[in-house]
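>>> missing the sequence, but the structure's below:
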């Protein structure tokens, strides 16, 4: 026990700057990334896990070559926080695609004015988008997607050594590219439901012309909702396939972003 305490004390005395920078980058990831940033996870657990993960990485990551002054350490901490935050932010963007899908579908099937409060972000989100996000989160855990985030964090030191983060215009272009890709992806996933609902609207329009005495609005709204819910259930197998594509893209784009930062 005394030997363990001596080793721990030796680490704290000789590698405390490396440990601090590790904790800061891990914390940056935990601030916004899916799963790790959820508010229903106690803060003590997050802090404990970030410290534990930092201790595990301590002997695998190269720290500063020379001891840093207090000012340089603060600057390095800011850079590390930004680096970890960026990794989590890219993952967060890919999880936002489910809200895009939900918004597109909700407007078409008549749920446009219905929303639920997301306790994670404290904002109103589409009810269908919330449904898709819950499924995506469960699948993400089942396929060990959280391991991919930790892998990306560990690999980030190969691209961006401690305190070497440099802002570049490539980062902005990469974010714009990712946002465009996510919008297209959301539209593609929701397009089967979108097409059927539009066809239902056309059919209701034809009925309104051929049967003027029928109140199309009263008939159409429940019909579109039932058709929409039925289509959401029917297209779930395709959604599971799309999830694999989304998670693979998320992992790939995180590394593309790290490469963009590396180029400087």
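Received it, and whenever you're ready, just let me know what you need. These figures come from a predicted structure and were not determined experimentally. Numbers count the residues shown, from 1 in each chain.
>>> mind listing the helices for the stretch 1-150 of the chain?
2-14, 16-32, 43-57, 70-109, 127-142, 145-159 (DSSP state H, counting those that start in this stretch).
>>> now do the second one: distance to the chain's middle.
Mean-position distance between helix 16-32 and its chain equals 19 Å (C-alpha atoms, centre = their mean, to the nearest Å).
>>> contacts for it?
With contact meaning C-beta atoms under 8 Å, 6 or more residues apart in numbering, helix 16-32 is reached by 11-12, 36-37, 46, 49-51, 53-55, 57-58, 61, 63-64, 67-68, 73, 76-77, 80-89, 92, 149, 153, 156, 162-163. (C-beta placed from N, C-alpha, C; glycine too.)
>>> residue ranges with poor pLDDT in the chain?
For the chain, applying pLDDT under 70 flags the ranges 1-14, 112-123, 216-217, 264.
>>> now the residue lying closest to residue 139 once chain neighbours are set aside: which helix or strand?
Distances taken as C-beta to C-beta, 6 or more residues apart in numbering place residue 243 nearest to residue 139, at 5.3 Å, with adjacent residues excluded. Using DSSP states H and E, the element containing residue 243 is helix 236-263.
>>> helices or strands next to that helix in the packing?
If you count contacts as 3 or more C-beta pairs under 8 Å, 6 or more residues apart in numbering; DSSP states H and E, helix 236-263 packs onto helix 70-109, helix 127-142, helix 145-159, helix 169-210.
>>> about what we covered before: out of the contacts of helix 16-32, which end up buried?
Buried members of the contacts of helix 16-32, counted by 16 or more other C-beta atoms under 10 Å: 36-37, 46, 50, 53-54, 57, 61, 63-64, 68, 73, 76-77, 80-89, 92, 149, 153, 156, 162-163.
>>> can you pull up the most central residue in the protein?
For the chain, the residue nearest the mean C-alpha position is residue 92 (2.2 Å; C-alpha atoms, centre = their mean).
>>> tally of neighbours for the residue nearest to that residue when sequence neighbours are not counted?
Spatial nearest neighbour of residue 92, excluding adjacent residues (C-beta to C-beta, 6+ apart): residue 32 at 5.2 Å. For residue 32, the neighbour count with other C-beta atoms under 10 Å is 18.
>>> so how far is residue 240 from residue 32?
26 Å (C-beta to C-beta, to the nearest Å).
>>> residue 55 too?
Applying C-beta to C-beta to residue 55 and residue 240 gives a distance of 37 Å.
>>> residue 98 touches residue 127, doesn't it?
No. Residue 98 is beyond contact range of residue 127, at 11.8 Å (criterion: C-beta atoms under 8 Å).
>>> tell me which of these two has more neighbours.
Under the criterion of other C-beta under 10 Å, the comparison of residue 98 against residue 127 puts residue 98 first, with 26 against 14.
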